[in-house]
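*Asks:* Need a 3D model of the following:
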Amino acid sequence: MDAKERIAQLRQILDEASYKYYVLDAPDMEDYTYDMLLRELEELENANPELITPDSPTRRVGGKAVSAFAPVTHQVPLESLQDVFSREELEAFLSRVGETEFDVEPKIDGLSVALRYENGVFVQGATRGDGAVGEDVTENLRTIRSLPLRLDNAPEQLVVRGEVYMSKKVFRELNAQREQDEKPLFANPRNAAAGSLRQLDPKICAERRLDIIVFNIQSAAGRSFERHSETLEYLSSLRFRTVPHAEFMTIGECWERIQDIGENRDQFDYDIDGAVVKVNSLELRRTLGSTAKAPRWAVAFKYPPEIRETRVTDIVIQVGRTGVLTPKAVLEGVRLAGTTVTNATLHNQDFIAQRDIRVGDTVLVRKAGEIIPEILSVDLDKRPADSVPYEFPRVCPECGAPVVRDPGGAAMRCQGAECPAQRLRHIVHFASRAGMDIEGLGTAVAQLLIDNGLIRNAGDIYALRQPDLASLPGFGKKSAENLVTAIDQSRSNGLVKLLSALGIPQVGQSAARSLARAFGSMDALERAGEEELSAVEDIGPVTAASIRMWLCSQQAKHLLETLREAGVDMTYSEDTSDRRFAGKTFVLTGTLTRYTRDEAAAVIEKLGGKSASSVSKKTSYVLAGENAGSKLTKAQSLGIPVITEEEFEEMIK
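*Replies:* A predicted model of the protein is given here:
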C-alpha cells in the first residue's frame, strides 16, 4: 500500500472513531490506538506534504495563530429569535401562526456559528456577529472534534447553523485548573466558550475542548425539504450532532414539552437558557417570513431564573491548592434547576461582609449560569435574634499558620510553608525550573510520591532513595536513578534558587537574587529585621513584612532545618566573570516562546543587568515576544531598541 492509499485509509479510520466517540458517545477504539494511528498519519503527511488536505484529522490540533479575525458576510442572515416569557405569550404566537405542526427544541446557551462546506469539505466557519456579518473563526472551529471536516454524499454547497458550547464537565475541569493556576474563573460555560472560540491561537482553543450541535440548514444546493425535522434527520445522516427535537400539533403539547425540558435541564451536558418553538413546515415558514428583527415562524421561550428560599446552617472554610481560603455556606437542601443544592460559595471575606451573611440566616438562592449555586440576598425579617456577624479565621484551618490578605486583592491566603492543603503546589514549585530545577519531578510524580507517603514537604525530597522510587508505578531502576541524581545535583544550586523555590509570598526570582546579594546566606536573612529587608533593592515595606512573617513561622523554620540537614547549600556566591549587561535595564513584553519571563530575567540579572516592569527613558532594551502590547508601542515612541528572542540569544552567547 503506497503512502496515498494509507493516508486515505487512516483518515477514514480516524474519522469513524471520532464520530463514534464525539457524536454518538459510543467509542469503540482505545485512546492509545487512536493516538498511534494519528501519529502515523502525521508522519506520512509530513513526509508527503502535497497530500495534506484541509479535512485531515491532523488539522484539528490547532494551526498558526492569527493576528485578527476577518469579517464574513453571511450568505443567509443568522436571525435572532423573539423571546416569550409566559404561556400566554406563547399561546399568542401559536395562535397567530395557526393550526400546524411545531418543532420544540432546547435552546443551547452558546455561540451561534455558520459552517460552510464545498463539495463535502469544511472550508469556513463564522460567528453570528450582527446576523449579517460575523468573524472568520475557521481555524478554531477545526479543533472541535464533533464538527465533521468532511461529509460524504453532501451537496456541492452546504451552509448549516450550529451552536458552539462548552460542556458542563469541561467547564468544571477548566475552572478547577484555573483556580489551581491562580487565574480568574469563568462565570459560566457560555462565557468560557465565547472566550475560547475567539482565541487568536487555535492551540489554546483546542485545549478548551469545545463542542457543537447543529440545528438548521441555511442553504443546500440542489436539495429540497418539506419539513424542518426532515432537515435535522438529513444532517444526522451527514454525521453532524444535531439538536434533540420533537414534533407537536397542539398548544398544550408544546407547553408540556417546554416544561419537561425545563424540569430536566440538568440531564443535558450543556447549559440551556430556554426552549425554541418552530413551525415545522418550511413552506409555511416562507409564507410567514420575517420582521426586521426576527422570523415570524419561531420564538424562544425563556425560563425564569429559579430562585428558592433556604437557610444557612453553617459557614465552613476550604483551603485551596494555592492557599486561598474560600468560605462556603452550608444550606438546608433546596431543589434548584433539577438538582438538590446543599451549599453555595461565598467567594471571599468581602462578599460575606457586603451582604452581611450569617449562620442561621434565611437567604434567596439561585444557580448562576444554571451551574454554580449563589446567594442573592438575606431576608433580614427572618434573622434570628441571637445571630452574630461572621468572623473570617485569622489562621488556616488546615495547618494553623497565619492568614494574610493578598495585597490589592480580596483573597485571604494561608502562609504555611508546610500546609497540607498546599502540599502538591509547594512541592511542584520547589522542584520547578524557577525553583530548584529538579528534572523529572513534575506534578504527576509529586502526586505519586505524596499518595505513597514518601514526601510530606519539600525537605523530604532529599531523603528519597533509588529503591523507594523503583517500586512505584511508572518507575524503573534507571528512571529512579535519574531522579535521585537530579535531586542530589540540586543541593548545590545556592541561595538564589532556594529562595525562589521556597514559595515565600511576593518573592520571585528577581527578589530572590536581590535578597541573596544583600545578605549572602539564609542565616543572615533569618536574622534580618523588616527595616533591613526594606532597604534591599526591589523589596518594599509590604514585601519585607511578608518575608519576615514567613521566616518567623514554625513551619518555615522546620522546613529550613530539614533542608539544612539534607545538605542543601544556603549561601550565595556571585559569578562576576561576565557582567556584560552591567548598567543595562531590560523590559520584557509579549509571549516568549523560548523562556518564561522569570527565566529570561534570571539570565539578565546573572549577567549584571536589571529587569524592570515598565518602559521609561532609562530602559536599555525591550525584549518583545508575540502579541506584545502597549510596552512595545511606548518603546517605539521613545526610540528604545526592541529585540527579539533570537537577538537576545545572540547577546547572551
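*Asks:* The helix or strand of the chain with the lowest mean pLDDT - contacts with which helices or strands?
*Replies:* Counting by mean pLDDT, DSSP states H and E, the chain has its least confident helix or strand at helix 31-47, which shows a mean of 76. Secondary-structure packing of helix 31-47 (3 or more Cβ pairs under 8 Å, 6 or more residues apart in numbering; DSSP states H and E): helix 3-18. Quick note: C-beta positions are derived from backbone N, CA and C, even for glycine.
*Asks:* Just the C-alphas of the helix it packs on, formatted as CSV.
*Replies:* Below are the C-alpha coordinates for helix 3-18, written out as CSV (Å, rounded to 0.1, in the frame of the first residue of the first chain):
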residue,chain,number,x,y,z
ALA,A,3,1.5,6.5,1.1
LYS,A,4,-1.5,8.0,-0.7
GLU,A,5,-3.6,4.9,-0.1
ARG,A,6,-2.5,4.5,3.6
ILE,A,7,-3.2,8.2,4.3
ALA,A,8,-6.8,7.8,2.9
GLN,A,9,-7.3,4.7,4.9
LEU,A,10,-6.0,6.3,8.1
ARG,A,11,-8.3,9.3,7.7
GLN,A,12,-11.3,7.1,7.2
ILE,A,13,-10.5,5.0,10.3
LEU,A,14,-9.8,8.1,12.5
ASP,A,15,-12.9,10.0,11.2
GLU,A,16,-15.1,6.9,12.0
ALA,A,17,-13.6,6.7,15.5
SER,A,18,-14.1,10.4,16.2
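*Asks:* Show residues contacting that helix.
*Replies:* Helix 3-18 has contacts (Cβ atoms under 8 Å, 6 or more residues apart in numbering) with 1, 27-29, 34, 37-38, 40-41, 44-45, 47-48, 51, 55-57, 145-146, 148-150.
*Asks:* at 7 Å what do you get?
*Replies:* Contacts to helix 3-18, defined as Cβ atoms under 7 Å, 6 or more residues apart in numbering, come from residues 29, 34, 37-38, 40-41, 44-45, 48, 51, 56-57, 145, 150.
*Asks:* In PyMOL, select just the buried ones from those.
*Replies:* Selection of the buried residues among these in PyMOL, burial being defined by 16 or more other Cβ atoms under 10 Å:
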select buried, resi 34+37+38+41+44+45+56+57+145+150
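*Asks:* So which of the contacts of helix 3-18 is the closest to Ala275?
*Replies:* Nearest to Ala275, judged by Cβ to Cβ, of these is Arg145 at 26.9 Å.
*Asks:* Distance-wise, check the closest one relative to Ile261.
*Replies:* 26 Å (Cβ to Cβ, to the nearest Å).
*Asks:* show me what contacts Gly320?
*Replies:* 179, 326, 421.
*Asks:* cutoff 10 Å now
*Replies:* Residues in contact with Gly320 (Cβ atoms under 10 Å, 6 or more residues apart in numbering) are 176, 179-180, 182, 326, 411, 413-414, 421-422, 425.
*Asks:* now those in a markdown table, with secondary structure?
*Replies:* Formatted as a markdown table, these follow (DSSP: H, G, I helix; E, B strand; the rest coil):
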| residue | secondary structure |
| --- | --- |
| Ala176 | helix |
| Glu179 | helix |
| Gln180 | helix |
| Glu182 | coil |
| Thr326 | strand |
| Ala411 | coil |
| Arg413 | strand |
| Cys414 | strand |
| Ala421 | helix |
| Gln422 | helix |
| Arg425 | helix |
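*Asks:* show me the residues around the residue nearest to Glu45 when sequence neighbours are not counted that make contact.
*Replies:* Excluding the flanking residues, the one nearest Glu45 by Cβ to Cβ, 6 or more residues apart in numbering is Ile52, at 4.9 Å. Taking Cβ under 10 Å, 6+ apart, we find Ile52 in contact with 7, 42, 44-46, 58-59.
*Asks:* Let me see the confidence value for Ile52.
*Replies:* Ile52 carries a pLDDT value of 82.
*Asks:* quick one: the helices in the stretch 401-550 of the chain?
*Replies:* All helices of the stretch 401-550 of the chain, identified by DSSP state H, counting those that start in this stretch, fall at 423-431, 443-451, 466-470, 477-490, 495-501, 509-519, 522-527, 530-534, 541-552.
*Asks:* Which residue ranges make up each domain of this structure?
*Replies:* 3-52, 71-301, 308-382, 420-565, 585-652 (automatic domain parsing).
*Asks:* Switch those domains over to TSV; also include distance to Val404.
*Replies:* Shown next, in TSV, are these (distance: least, Cβ to Cβ, whole Å):
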stretch	distance to Val404
domain 3-52	44
domain 71-301	15
domain 308-382	10
domain 420-565	7
domain 585-652	23
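*Asks:* For these, which has the smallest mean pLDDT value?
*Replies:* Ranked by mean pLDDT, these bottom out at domain 3-52, with a mean of 76.
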